[in-house]
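Undergrad: sequence plus the predicted model coming up.
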Amino acid sequence: MSPTPHILLNGTLCDGRQGDPAPERLLHDNYIHATVNTAAHRALHLNKHLAYAAASYSKLYGSAPQFDAARLREHIAALLDADRMPRLGNIVRLYLLPPQRNGTSAPDLLLSVDHSTIYRGYELASIRPKAVLTNYEIPFCGHRTAVSLTTSRYMQAFAERSGCHVALHCNRAGYLVSCGEYPVFLARDGVLFTPPAETFAACTERDLMFRACSLAGIPVTERPIAASELPDADELMVFNHTGLQSLLSLGNYYFYNLLALRIEKVLGTLTEEGLQL
């Protein structure tokens, strides 16, 4: 018999059967969220995730939340233990919910287990996904919000209905933005290009890809990428919560994975560094 899922709300471990209102708030309220990878129940790059979540919350809600990162690491491990999750790899989602009580500006902090993975930390995905190009705009692009999460899940489902695996996000001006909530990179002639920060803001995964490319000796240039350029790419890559994805195809266009294989060799370093940060 599978264990009952738990949540951690403001440091208190709650049984999913207790009827806490927090899960209901995730369906209807606004929030900021972060997707944290773990290895052996230890959170990776937690400080960086918290810093970006706090910056987004401050920008959109006007107050800067404070975190005890060491205590949160303990809470994440306790949550994974309570749900009897495997010790290889798991994804934990962190939500900052604007308070419903008057007179307080501190968000409610909710932790929940999203899913387990077959990877230990950051790795190159073993399956190369097919991509579909989607065209849309969302408010506060670059911030991880309830809207961005819902939209990325909707577009993921659209891609799967189309016989693909991931949805690339193109804006109304015809420029590449991201792959859902994660940064995308185009390779041409040994150089990687990615949309500039004003198109898709900095995030933990974007920073990790820049770090990986630095370790692998691969230059990265920030510039606008028109959707019309995609068929001429040598490679298309996405860095998400589990690591690197090398895209197989977009429509009738197929891509190599040569630079991705170079980056794969340094992903273990990102995992080891993430255990300390």
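TA: Looks like it came in fine. No experiment lies behind these values; they were computed from the predicted model shown. Residues are numbered from 1 along each chain as shown.

Undergrad: what sits up against stretch 157-173?
TA: The contact list for stretch 157-173, computed with CB atoms under 8 Å, 6 or more residues apart in numbering, reads 127, 129-137, 141, 152, 155-156, 176-180, 184, 199, 227, 230, 236, 238, 245, 247, 250. Any C-beta I mention is one placed from the backbone N, CA and C, and that applies to glycine too.

Undergrad: measure that stretch end to end?
TA: By CA to CA, to the nearest Å, the extent of stretch 157-173 from end to end equals 24 Å.

Undergrad: gap between it and the chain center?
TA: 16 Å (CA atoms, centre = their mean, to the nearest Å).

Undergrad: checking the residue nearest to residue 79 when sequence neighbours are not counted next. Helix, strand or coil?
TA: Distances taken as CB to CB, 6 or more residues apart in numbering place residue 8 nearest to residue 79, at 5.1 Å, with adjacent residues excluded. Following DSSP: H, G, I helix; E, B strand; the rest coil, the label given to residue 8 is strand.

Undergrad: and residue 229, how far from residue 186?
TA: Using CB to CB, to the nearest Å, residue 229 is found at 7 Å from residue 186.

Undergrad: revised request: answer the last question for residue 82.
TA: Residue 82 sits 42 Å away from residue 186, going by CB to CB.

Undergrad: these two: which has the busier surroundings?
TA: More neighbours surround residue 186 than the other of residue 82 and residue 186, with 23 against 18 (other CB atoms under 10 Å).

Undergrad: following element in sequence after the helix or strand encompassing the more buried one, please.
TA: Using DSSP states H and E, residue 186 sits in strand 184-188. Toward the C-terminal end, the helix or strand that comes next after strand 184-188 (DSSP H and E) is strand 191-194.

Undergrad: give the full set of residues in contact with the residue nearest the centre of the chain.
TA: Residue closest to the average C-alpha location in the chain (CA atoms, centre = their mean): residue 241, at 4.5 Å. The neighbours of residue 241, taking CB under 8 Å, 6+ apart as the test, are 35, 36, 37, 91, 182, 205.

Undergrad: I'd guess residue 35 is in a strand, am I close?
TA: Yes: counting by three-state DSSP, residue 35 is located in a strand.

Undergrad: count the neighbours of it for me.
TA: Residue 35: 20 neighbours (other CB under 10 Å).

Undergrad: who does it bridge with?
TA: With beta bridges defined as DSSP bridges, residue 35 has these partners: residue 93.

Undergrad: is residue 247 in contact with residue 239, as I believe?
TA: No: using CB atoms under 8 Å, residue 247 makes no contact with residue 239, being 11.9 Å away.

Undergrad: what sits in contact with each of the two?
TA: By CB under 8 Å, 6+ apart, no residue touches both residue 247 and residue 239.

Undergrad: what angle sits between the helix or strand residue 168 falls within and strand 184-188?
TA: According to DSSP H and E, residue 168 maps onto strand 166-170. Orientation of strand 166-170 against strand 184-188 (axes from the mean of the first three to the mean of the last three CA atoms, to 10 degrees) gives an angle of 80 degrees.
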